[in-house]
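A.B. asks: heads up, no residue letters with this:
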């Protein structure tokens, strides 16, 4: 309970005590009630009243002992105050307990006098007078109280008492006792104070003010000085319960209010600074380190919103568990020692993923006015990009060192201002220097077969407007071993802030072996070129011979086919005559073998025709013209009109793109493919043939390494629902004279698909087949649109 509230309670309790005294309640009954009332003021307080003639020593665990001293210094005992928490009363508490002790003495002495036959104290009126006199003595104690205290009497609020601190507060030169407050303190007229006092006097209800601002004219100059008070206007009642006085108890809190306001202003300025700072800042208070103040910069770094305010640091950032930051904060809070971190790795949630970031940050302990730590301030600066740049630079430097070492390079530089030349140890060794014995510029120049090459390159690079680049090759001789080396050197002239050349840096490489290999390769190339030239001459002779052979073979094929076909025609005619003549006879033997002769003749005729067509495809004179494949397929359909009708074949042809081709060969291609689809149809299903085409995409072209990716390719697919074939025979079926079935089952010469492959090859394309037994087959033709 606060000091003002306790005094208010005491004054109110005194009224009830005086009523009990007027009713002649014995002190032995009142004192225990006073003890209970004292104990109710504070939870850990235990009060004991020892009404004995001689004060006793306080128990060991007591915190404070107040003597009960009455008139003429007579001691009635002690008030012993014990605190279970072990606390000690503050300075302001001592006067309050002195007032309580005075009340207890009043009860004890009143009980003593009321038991005598003293004539002046026998009636109630006299007893009341004594009690009031005792109360006046109590008021006198208020004069020395360490608080602003005054007593106002009557409805005009006339000053009966104003203690020293009250006078110091309103102005020590004033004379106010005996004056109403309106006359004593006229500057209060417009501040509502008179009205408050009137209301307390009228309603008998106390008024408690907290940090009320009052303007006082302390020096009579007409200038009011604002003062802040915590105060109470406590009504004082007479024996009939009517208010006749008002106790004013106040504490000047101007300094604390101003300090708090300055602190609040400072805190507001600090909060404004924190909020507007681009640097992430957070303040965490209490041992639990709850988030008190944060700015948008730190929220952005955490990827959190303001709902984290009020949470502990651990609750707000659970992803930091297992990292050292919780322990670091706890240590700063416990020890007060500031923690600085530079380029510290922090794993934070970024876009839902635990991501490594890097920060320079500081944890600083915050202390109150008593030097006690109440929180930690966290300031940070993200340096992730800088750290990554450093890491990349270090990695690049390491890679450069590794590359220099692996490539056996030697770096060098020339300081143009001092003329100093710095060469790597490897490069010095090329000239003949031993480890730890650097070679001079003059010695290096003397080792060059032609020093002017380097000198001229440097002069050119230093010329204004040049590209500042040096790139030369030169020969050196090791002055110790006499070994010759070819060196390739690259360098660049660097400019200072004034755009003037100040240094040349570069690298050199020993290319002796490379040049030797190059010379050997040139020799081999020259030899191979001569050999290829001779081989080419021989090849031209061979080509001429092959051309003659091809012409002879073509002539031979033509003559052979023509000469073979003539006897076959005669055999066909004669066998037909004999077969017709024997048709009316019963000579079945003769008819059987005449039929076999007829079949063999037909097969031989077809074979000769197919061979002739295949041999013609070997000619190199292919004339490619724009070809409408749709028209060619229509012509082929007419050729197979009878077979299509007999087998009820369905032939579906999608519109096909025009391509550059040899029309006759393309006709042979589709004649064979459609003919095969009809021939190898299934007996139990209506034959269906589908022909479609589309332009190949780049991705589709890439699946066929044989195709030139820079050409435009067109795919034509001829599919059927016939007998199909096993996929393992997919390449075998394009071989000349290769058959998958006997002649008894399906007729044919085994040349048709070989002819198809030859036609597609002549058009620089490819053909392949896919088949499933008893489900059908499909033939895929990939052919360039332009030749």
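C.D. replies: Great, that's in hand. The structure presented is a predicted model; accordingly, all values stated were derived computationally and were not measured.
A.B. asks: in the stretch 101-250 of the chain, which spans are strands?
C.D. replies: 148-153, 158-162, 207-216, 225-237, 243-252 (DSSP state E, counting those that start in this stretch).
A.B. asks: just list whatever residues bridge to residue 45.
C.D. replies: Here residue 45 sits in beta bridges with residue 83, going by DSSP bridges.
A.B. asks: in this structure, which helix or strand is least confident?
C.D. replies: helix 124-142 (a mean of 55; mean pLDDT, DSSP states H and E).
A.B. asks: what's the distance between the closest residue to residue 306 other than its chain neighbours and residue 179?
C.D. replies: Among residues not flanking residue 306 along the chain, residue 299 sits closest, at 6.9 Å (C-beta to C-beta, 6 or more residues apart in numbering). From N, CA and C alone the C-beta is placed, and that goes for glycine too. Per C-beta to C-beta, to the nearest Å, residue 299 is found 62 Å from residue 179.
A.B. asks: likewise for residue 305?
C.D. replies: Computed with C-beta to C-beta, the distance linking residue 305 and residue 179 is 63 Å.
A.B. asks: so the two - more neighbours on which side?
C.D. replies: For residue 305 versus residue 179, neighbours defined as other C-beta atoms under 10 Å are more numerous around residue 179 (15 against 8).
A.B. asks: ok, now which ones touch the more buried one?
C.D. replies: Under the criterion of C-beta atoms under 8 Å, 6 or more residues apart in numbering, the neighbours of residue 179 are 158, 159.
A.B. asks: if I look at it, how far off is residue 171?
C.D. replies: Counting by C-beta to C-beta, the separation of residue 179 from residue 171 is 14 Å.
A.B. asks: ok, residue 348 next?
C.D. replies: If you measure residue 348 against residue 171 using C-beta to C-beta, the figure is 63 Å.
A.B. asks: isn't residue 171 up against residue 218?
C.D. replies: Yes - under the criterion of C-beta atoms under 8 Å, residue 171 lies in contact with residue 218, with a separation of 3.9 Å.
A.B. asks: ok, residue 348 and residue 171, which is more surrounded?
C.D. replies: With neighbours defined as other C-beta under 10 Å, residue 348 and residue 171 compare such that residue 348 has more, 20 against 15.
A.B. asks: in a strand, the more buried one, correct?
C.D. replies: Yes - residue assignment for residue 348, taken from DSSP: H, G, I helix; E, B strand; the rest coil, places it within a strand.
A.B. asks: what sits against it?
C.D. replies: Contacts of residue 348 were listed using C-beta under 8 Å, 6+ apart, and they are 301, 302, 303, 317, 319, 354, 355, 357.
A.B. asks: make it 6 Å
C.D. replies: Contacts here follow C-beta atoms under 6 Å, 6 or more residues apart in numbering; on that basis residue 348 touches residue 357.
A.B. asks: okay, and the beta partners of residue 349?
C.D. replies: When bridges are called by DSSP bridges, residue 349 pairs up with residue 354.
A.B. asks: hang on, isn't it packed against residue 318?
C.D. replies: No - with contact defined as C-beta atoms under 6 Å, residue 349 and residue 318 do not form a contacting pair (9.3 Å).
A.B. asks: ok, these two, which is more surrounded?
C.D. replies: residue 349 (15 against 8).
A.B. asks: against residue 387, how distant is that one?
C.D. replies: From residue 349 across to residue 387, the span is 19 Å (C-beta to C-beta).
A.B. asks: if I've got this straight, the residue nearest to residue 306 is in a helix?
C.D. replies: Yes - with three-state DSSP as the criterion, residue 299 is assigned to a helix.
A.B. asks: any idea whether residue 541 is helix, strand or coil?
C.D. replies: Applying three-state DSSP to residue 541 yields a three-state assignment of helix.
A.B. asks: can you read off the pLDDT for it?
C.D. replies: On the pLDDT scale, residue 541 is placed at 77.
A.B. asks: picking up where we left off before, so what's the residue count around the residue nearest to residue 306?
C.D. replies: 16.
A.B. asks: all helices of the stretch 601-750 of the chain, in order?
C.D. replies: The residue ranges that make up the helices of the stretch 601-750 of the chain, judged by DSSP state H, counting those that start in this stretch, are 629-639, 641-647, 663-679, 698-702.
A.B. asks: wait, which of the ones you listed is closest to residue 197?
C.D. replies: Distance to residue 197, taken as C-beta to C-beta, is lowest for helix 698-702 among these, at 98.3 Å.
A.B. asks: list the buried residues for the closest one?
C.D. replies: Under the neighbour-count criterion of 16 or more other C-beta atoms under 10 Å, helix 698-702 has residue 701 buried.
A.B. asks: hmm, who's touching it?
C.D. replies: In this structure, residues lying in contact with helix 698-702 by C-beta under 6 Å, 6+ apart are 707, 709, 713.
A.B. asks: going by distance to residue 639, which of those wins?
C.D. replies: residue 713 (28.3 Å).
A.B. asks: ok, the closest one to residue 763 distance?
C.D. replies: Distance, residue 713 to residue 763, using C-beta to C-beta: 11 Å.
A.B. asks: same thing with residue 378?
C.D. replies: With the distance defined as C-beta to C-beta, residue 378 ends up 77 Å from residue 763.
A.B. asks: cool, and residue 343?
C.D. replies: As defined by C-beta to C-beta, residue 343 lies at a distance of 68 Å from residue 763.
A.B. asks: looking at those two, which one has more neighbours?
C.D. replies: When residue 343 and residue 763 are compared for neighbours, residue 763 comes out ahead with 24 against 12, by other C-beta under 10 Å.
A.B. asks: please report phi then psi for the more buried one.
C.D. replies: Here the main-chain torsion angles of residue 763 (degrees, to the nearest 10) amount to phi -100, psi 20.
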